[in-house]
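J.: Structural data only, the sequence is not supplied:
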Ligand code: UT7
């Protein structure tokens, strides 16, 4: 259990938008196939992790009313950093005028939930204010001739400000897992392009989401009935549906932006979260379940009691 409270949030998508119809002009695919197999209609491309993160981070800090110099730690979840080093977090730190430690965290599409759990531990350890960003630009590493992968991914960033609070805990239960034996089914070499065994990722993703969600809920001492909003990794509507079915949670409880963003990796959960918060889908005291999976194979889930900021 931890006491960090989300006090600001924001997202950013790069300007260039590619619909399925746009894609079909240079890849052997159709709008119908992509929608039916993935639930995706459009995605944004040509983003840069440092630029998207800076905009989302700046807007989240402004919403929280936090002066950049008061941020005690910057965590940037990404697997597509602009360069091998320095960390994109260092670049973002400078652009935002922060004076604190800054690290990239790579847990692929599970990165935001890994970051959230990590941030909450730092608040317990005495850091008052943390900026957590999930951002990926997978359009830079997809093979645009591979129709099995290029239709799925998009770019984006989502940021939250987490502040230590004396109130009752907000992170009630969590689960972080990695199965490195499956590292080869979804990967990208330095300087290379994404390789994916789609069927195997699909099969394992459903099981990993179910297991992570159950573990986090067990540790929180809650059941599916107690959860108001599920924020799943936005990879594929069929994966989300299958996992929700196994968990016996109705689809209506899921936050969903996949259709207009595609799979934005570490940005996908914060993009869906911010969309749901902006739509007032949770009230004070409601429980949210965030659950993701990704290359690694990593998986992560967190049960959060919503304790909104009072402005
Ligand atoms: O964050 C994690 C990221 N990864 C994922 O979430 C991926 C999980 N996997 C999936 O979402 C699905 O496996 C895919 C959407 C990638 C593929 O769906 P599928 O139902 O597993 O299709 P498939 O790979 O079995 O392919 C079926 C057919 C094949 O043609 P043939 O061999 O039956 O003639 C493919 O060549 O569909 C063909 N195909 C396409 N056709 C039109 C594959 N990609 C496309 C495409 N457009 N974009």
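T.: Cool, the structure landed. What you are looking at is a predicted structure, and each value in this text was computed from that prediction instead of being measured. Numbering: from 1, shown residues only.
J.: got the residues of the chain near the ligand?
T.: Taking Cβ under 6 Å from any ligand atom as the measure of proximity, the chain contacts the ligand at 29, 33-34, 37-38, 109, 147-148, 151, 196, 198-199, 201-202, 205, 235-236, 239, 263, 294. Any C-beta I mention is one placed from the backbone N, CA and C, and that applies to glycine too.
J.: Which entries within those residues meet the buried criterion?
T.: Listed as buried from the residues of the chain next to the ligand are 29, 34, 37-38, 109, 147, 151, 196, 201-202, 205, 235-236, 239, 263, 294; burial here means 16 or more other Cβ atoms under 10 Å.
J.: In helices, which of the residues you listed appear?
T.: Residues of those located in helices (DSSP state H): 34, 37-38, 147, 201-202, 205, 239.
J.: a markdown table for these, including pLDDT?
T.: Listed next are these as a markdown table, based on pLDDT from 0 to 100:
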| residue | pLDDT |
| --- | --- |
| 34 | 98 |
| 37 | 97 |
| 38 | 98 |
| 147 | 96 |
| 201 | 97 |
| 202 | 97 |
| 205 | 98 |
| 239 | 98 |
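J.: ok, so what distance separates residue 243 from the ligand?
T.: As judged by Cβ to the nearest ligand atom, to the nearest Å, residue 243 and the ligand stand 11 Å apart.
J.: Go through the helix or strand hosting that residue and flag the buried ones.
T.: Under DSSP states H and E, the secondary-structure element containing residue 243 is helix 237-247. When neighbours are counted by 16+ other Cβ under 10 Å, the buried residues of helix 237-247 are found to be 237, 239-240, 242-244, 247.
J.: What is the nearest of those residues to the ligand?
T.: Minimum separation from the ligand among those (Cβ to the nearest ligand atom) is found for residue 239, which lies at 5.8 Å.
J.: isn't the closest one right up against residue 205?
T.: Yes. Counting by Cβ atoms under 8 Å, residue 239 sits close enough to residue 205 to count as a contact (5.0 Å).
J.: helix, strand or coil for the closest residue to residue 14 other than its chain neighbours?
T.: With sequence-adjacent residues excluded and distances taken as Cβ to Cβ, 6 or more residues apart in numbering, residue 14 is closest to residue 47, at 3.6 Å. Here residue 47 takes the coil state, with states given by DSSP: H, G, I helix; E, B strand; the rest coil.
J.: Pretty sure residue 47 sits against residue 137.
T.: Yes. Proximity of residue 47 to residue 137 meets the contact threshold set by Cβ under 8 Å, at 4.4 Å.
J.: Looking at these two now, which is surrounded by more residues?
T.: Ranked by neighbour count (other Cβ atoms under 10 Å), residue 47 and residue 137 place residue 137 first, with 31 against 27.
J.: dump the residue contacts of that one.
T.: 14, 47-49, 52, 80, 82, 155 (Cβ atoms under 8 Å, 6 or more residues apart in numbering).
J.: picking up where we left off before, the helix holding residue 243 - contacts with which helices or strands?
T.: With contacts defined as 3 or more Cβ pairs under 8 Å, 6 or more residues apart in numbering; DSSP states H and E, the packing partners of helix 237-247 are helix 31-38, helix 198-220, strand 227-232, helix 258-261.
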